[in-house]
Structure formats: C-alpha cells, structure tokens
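[1] here are the coordinates; sequence isn't available:
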Ligand SMILES: NC(=O)c1ccc[n+]([C@@H]2O[C@H](COP(=O)([O-])OP(=O)(O)OC[C@H]3O[C@@H](n4cnc5c(N)ncnc54)[C@H](O)[C@@H]3O)[C@@H](O)[C@H]2O)c1
C-alpha cells in the first residue's frame, strides 16, 4: 500500500488487460493504482503504462524482474493460459496477492501447483470468472436460495454468445490456451454451475475443479474421443 492505495502490477498487456483490467482498475483509482506493466512485447507494456500507469510506473519484459519490486501488492496475470502457472506461483513466492485470468491453468497439474503456492503464501487468490457477478446470475441464485424453485435436483444451462466463436488472439491456439476456443468459452459455464458460496471472490477451489473438468476434456479429445460441448 502506498498513500492508502493498493499497488497493482499487470503481467500480459494484451486483449483482456486493455479491454477490462486496465479500465476497471482505473475506475477504482481511489483504492488502487497500476505501477508496473509487463509484457514480452515491450511496446504493449509501454503503451499501457503511458495510458493507465501511475506516475513513475515501470515497464518490464520479464515478470521475474517485476516481482522483485517489494512495493507491489497485487499481480494480475493476463497472459495466455499456459503461462498462468509459472507467473502465479512466482508471484505467491514473492509475497503478492494474485488475480489470475480464467481458466485457472491449462492442466490439473499446473492448477495444483498454483493451489499449493497460494496456500503456502497466505495471500489472496482469485480467478477471473466474472459471469457470477452478472445481475441475472445473482438474481437466479437468490431465487434458488429463497427456495422459490423448491428442491433443485437437476439444472441445465444454455448460453448464447452473440459475438461468434472467438477466432482472434490466442483463443484458438492450443499451444497457448490448452483447450482451444470451445473449452475456453465453456469453462465459465461449468463454473457457474458449481458455485454455491456467498464469498465476494471466486474461490480458487472452484476454479480448480473447473480446470480438472477441462483437463479431462482435453485429454479425452487428444485420445481421439469425440467431445460434444
Ligand atoms: N474473463 C474473460 O472473459 C476473458 C476474456 C478474454 C480472455 N481471457 C483470458 O485472458 C488471458 C489472456 O487472453 P488475451 O485474449 O488477453 O490474450 P492476448 O494474446 O491478447 O494477450 C496476452 C498478452 O500476454 C503477453 N504474454 C505472453 N506470455 C507472457 C509472459 N510470459 N510474460 C509477460 N507477458 C506475456 C502477450 O505478449 C500478450 O500481449 C487468457 O488466459 C484468456 O483465457 C479471459
């Protein structure tokens, strides 16, 4: 904390960071400021720092260097999925809180490493499953809790994405995302189906289960099984 504000670092200054994280953090300027920007493409980090950075914000191309800065409280991990684990684990080891983009990791093994590092650190950890904060999702949850739907023994969810299948950026790239576009889109809905708590943050345990489900899907697909999502 500096001047009563959380010091935030963002690793990965691409699509989701620019579309959501930077504007959202800037909207909370009374509570936090972005003081460090990291991307393996330096130009992206520099541009973001110019637009959204606090005075004197630093630019990095190596997250390990960024993590040496003791003034940083929170790290947002906005890189492709395969990079979530090493960055998150290193951030916990450096004593930072972590907000990591979804899905938690590309494999169960990576997600387990993240869970272990988080528990050892005693820091806060959440994954970017924002759909649970939607008013429709919260209204449905309230109705369920109030018992208006009786005893629920079966639930089926259907979602329509009006902006088509994401074919841009890293989405369809299995080497970076783990499961490709369908799995990436679907994982949020898996999570919404299993959420039962009232905590304001998405619990890492919930995201871990989602990663296990996705991992099972990826492995079955890799073995040649047909997957219907
Ligand atoms: N919550 C959501 O609805 C939502 C939406 C879109 C994307 N995402 C997630 O956000 C993450 C990023 O997706 P995106 O669309 O922004 O991808 P992107 O490719 O646009 O941005 C990722 C950035 O990370 C950088 N990068 C890669 N490896 C790095 C490393 N080791 N260190 C520092 N920077 C590194 C890349 O250069 C790139 O600029 C993915 O995990 C994706 O699943 C979530």
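    Noted; the coordinates are in hand. Predicted model, so just to flag it, every value in this text is computed and none were measured. Numbering: from 1, shown residues only.
[2] thought residue 98 was touching residue 77?
    Yes - Residue 98 lies in contact with residue 77 (Cβ atoms under 8 Å); the separation is 6.4 Å. Where you see a C-beta, it was placed from the backbone N, CA and C, and this is true even at glycine.
[3] what do the two both touch?
    Common neighbours of residue 98 and residue 77, counting by Cβ atoms under 8 Å, 6 or more residues apart in numbering, are 88, 91.
[4] Quick check: the residue of this protein nearest the ligand.
    residue 14 (1.9 Å; Cβ to the nearest ligand atom).
[5] can you pull the contacts of that residue?
    39, 44, 78-79, 169-170.
[6] Drop the exposed ones from those residues and show what's left.
    Among the contacts of residue 14, those buried by neighbour count (16 or more other Cβ atoms under 10 Å) are 39, 44, 78-79, 170.
[7] Inside helices: which ones of those residues?
    Of the positions in the buried ones among the contacts of residue 14, residue 44 sit in helices, assigned by DSSP state H.
[8] could you dump the buried ones among the contacts of residue 14 to TSV with pLDDT and distance to residue 214?
    Converted to TSV, these look like this (pLDDT from 0 to 100; distance: Cβ to Cβ, whole Å):
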residue	pLDDT	distance to residue 214
39	98	25
44	98	27
78	98	19
79	97	17
170	77	16
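[9] export the buried ones among the contacts of residue 14 to CSV and tack on distance to residue 68?
    Shown next, in CSV, are the buried ones among the contacts of residue 14 (distance: Cβ to Cβ, whole Å):
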residue, distance to residue 68
39, 17
44, 21
78, 20
79, 18
170, 27
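[10] centroid residue for this structure?
    residue 101 (1.6 Å; Cα atoms, centre = their mean).
[11] Tell me the confidence at that one?
    For residue 101, the pLDDT comes out at 95.
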